[in-house]
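# predicted model follows, preceded by the sequence.
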Amino acid sequence: MTLHDLTAAQQLEGLRAKEFSSRELAEHYLDRIKRHENLGAFVTINDDALEEAKKADEQLAAGHQAPLLGLPIGIKDLAATAGIRTTFGSAALENFVPPQDSWTAGLIRQAGAVLIGKTNTSEFGATCYTENDVTPHPAVTPYAPTRYSSGSSGGAATAVAAGLLPVAHASDGAGSIRTPAATCHLVGMKPSRGLVSPAPAASFLSAGTEGPIARTVEDAALLLDVMASPAPGDLYGWRNVGSFAQALKLRRPLKIATWTDTGTTEAPDPEAERAVRRTREVLTGLGHEVREIPLPARWDEPASRAIVVWFAYQVGAVAQLMVPRPELLRPYTRHLLAINDTLSADDVVAAQTLLARYASTFLAATDDYDVVLTPTTNGPPVPIGYYAGDEADLMLKWSCPTPWVNLAGVPAISLPSHVDDQGLPHGVHLVGRARRDAELLALAAQLESARLWEDRHPPAWHE
């Protein structure tokens with residue numbers, strides 16, 4: 001057994017028992033990252049990682065305690081890190097070094113984690129594939145290196161799946177934690193609105209949040225425990241949440257709704273249906289009630305247009321604030337900026353209103369249920385170059401099960417389902433009720449214990 005075979009929880013136990021040092025862990029992962037650069041997992045390596053590990057070892061030797069003390073971790077390159085390059089996946093910000101940490105990155109570093117580096121992301125997180133003009137390689141799934149690991153947290157998922165990190169920070173504005181987890185046979189948790197604070201404070205329609213990508217439900221809960229501390233001024237800040245890691249043994253029979261309808265012109269992918277069918281069987285065996293219901297709302301033209309308008313508005317706001325040379329932006333980002341230039345305030349408000357109503361339709365239709373079960377994606381990881389053409393339409397057809405959850409502000413988790421006959425991973429998507437994140441994680445832990453998915457690794461894990 002090598003060090004990266006250990007889960008994050010096991011590594012923390014080993015560090016506290018002095019079975020190995022934080023420096024040994026950091027050196028192990030840095031060596032693996034160097035050997036697997038072609039997977040596109042990282043944008044920047046922290047030059048001070050070994051020094052951070054040395055300090056962690058000194059603190060461990062002195063008996064200091066912190067939740068993640070000495071554990072190597074990666075921070076997604078959409079989150080600012082003091083003194084460490086943060087590009088937001090954009091060549092226009094290739095040399096930007098923030099003066100301070102984002103709120104969540106600060107919490108992770110204060111918890112004693114050793115920052116190995118910044119994981120790869122799409123430009124401003126605007127696409128569900130991770131390819132940019134900063135790194136030479138797109139982030140790919142280690143199970144099939146000719147296919148994307150989705151986005152925008154593709155680098156985080158690639159790193160954890162390939163054994164380049166034990167666990168990783170990620171973020172999710174329309175599925176960007178959950179779809180990468182699905183393509184890499186991992187656990188990816190999007191928390192309820194307000195559990196993890198964005199920086200700056202959330203807007204009135206706060207769709208994005210941050211959360212963990214991990215190999216196990218326990219590892220995801222351990223990182224979420226650190227991240228779940230609201231910033232001052234957060235409009236939705238949620239305090240006194242307790243420990244998610246300690247809540248994993250919660251048990252009660254749940255009423256679960258399910259559908260596989262995509263809500264688009266695409267039919268459900270057979271493997272996506274298989275993922276839901278397998279999970280439904282396990283859930284029923286665990287004593288839960290699962291009922292199929294109609295898809296509450298479709299991605300018709302107005303809804304599809306509204307989500308593009310909303311993304312264009314958000315990307316436009318960031319670009320106007322931060323980008324001195326817009327000609328360095330990628331074509332799809334420039335496309336969103338061009339849309340933003342045509343928008344009036346009425347257009348933005350109308351899009352927000354339509355999306356709020358869209359999300360409310362889902363909440364109303366599932367009000368009698370504790371959890372919703374769907375595929376995470378409509379199909380396997382897609383090949384590099386797949387999104388040439390109408391990117392917005394192609395991305396929505398593939399990631400269609402996830403965006404409504406962000407709009408509604410409820411928690412969701414992607415879990416591994418199976419690896420198909422071509423060796424491609426598939427995931428299932430469990431959506432909980434607002435602020436019942438602990439219940440959702442406990443259900444995920446039940447499925448893990450019931451062996452919904454195999455404990456398997458891609459070829460890069462053994463290299």
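Everything's here; your move.
# all helices for this protein, in order.
For the chain, applying DSSP state H gives helices covering 8-16, 22-35, 49-61, 103-110, 154-161, 178-183, 217-227, 270-285, 301-322, 331-341, 345-365, 391-399, 403-408, 437-449.
# what comes into contact with the last one?
Think helix 437-449. Helix 437-449 has contacts (Cβ atoms under 8 Å, 6 or more residues apart in numbering) with 187, 189, 191-192, 195, 216-218, 220-221, 224, 241-242, 244, 247-252, 254, 279, 282-283, 286, 288, 370-371, 411-413, 415, 430-433, 453. No exception for glycine: its C-beta is placed from N, CA and C like everyone else's.
# repeat that with 7 Å
The contact list for helix 437-449, computed with Cβ atoms under 7 Å, 6 or more residues apart in numbering, reads 187, 191-192, 195, 216-217, 221, 244, 247-251, 254, 282, 286, 371, 411, 413, 415, 430, 432.
# which among those residues count as buried?
Among the contacts of helix 437-449, those classed as buried by 16 or more other Cβ atoms under 10 Å are 187, 191-192, 195, 216-217, 221, 244, 247-248, 254, 282, 286, 371, 411, 413, 415, 430, 432.
# returning to that earlier point: in strands, which of the contacts of helix 437-449 fall?
Of those, the ones assigned to strands by DSSP state E are Val187, Val371, Ile413, Leu415, Leu430.
# so in terms of bridging, what pairs with the first one?
Going back to what we said before, that points to Val187. Ala214 (DSSP bridges).
# that one contacts Ala221, correct?
No - counting by Cβ atoms under 7 Å, Val187 does not reach Ala221; the two are 9.5 Å apart.
# for the closest residue to Pro230 other than its chain neighbours, grab the count of nearby residues.
If you skip the residues right next to it in sequence, Pro230 has Gly237 as its closest partner in space, 3.2 Å away by Cβ to Cβ, 6 or more residues apart in numbering. Around Gly237 there are 16 other residues, counting by other Cβ atoms under 10 Å.
# pretty sure Pro425 is touching Ser414, no?
No - in this structure Pro425 lies outside contact range of Ser414 using Cβ under 7 Å: 10.5 Å.
# list the buried residues in stretch 17-27.
Here stretch 17-27 shows Phe20, Ser21, Ser22, Arg23, Glu24, Leu25, Ala26, Glu27 as buried, counting by 16+ other Cβ under 10 Å.
# contacts only, for the last one.
Pointing back at Glu27 there. Leu50.
# pLDDT-wise, which helix or strand of this structure ranks last?
Counting by mean pLDDT, DSSP states H and E, the chain has its least confident helix or strand at helix 301-322, which shows a mean of 93.
# packing partners of that one?
If you count contacts as 3 or more Cβ pairs under 7 Å, 6 or more residues apart in numbering; DSSP states H and E, helix 301-322 packs onto helix 331-341, helix 345-365.
# quick check, pLDDT for the residue nearest the centre of the chain.
In the chain, the C-alpha nearest the mean C-alpha coordinate belongs to Ile177, at 1.6 Å (Cα atoms, centre = their mean). At Ile177, the pLDDT value in this model is 98.
# coming back round to it: pull out the buried residues from the least confident helix or strand of the chain.
303-304, 306-316, 318-319.
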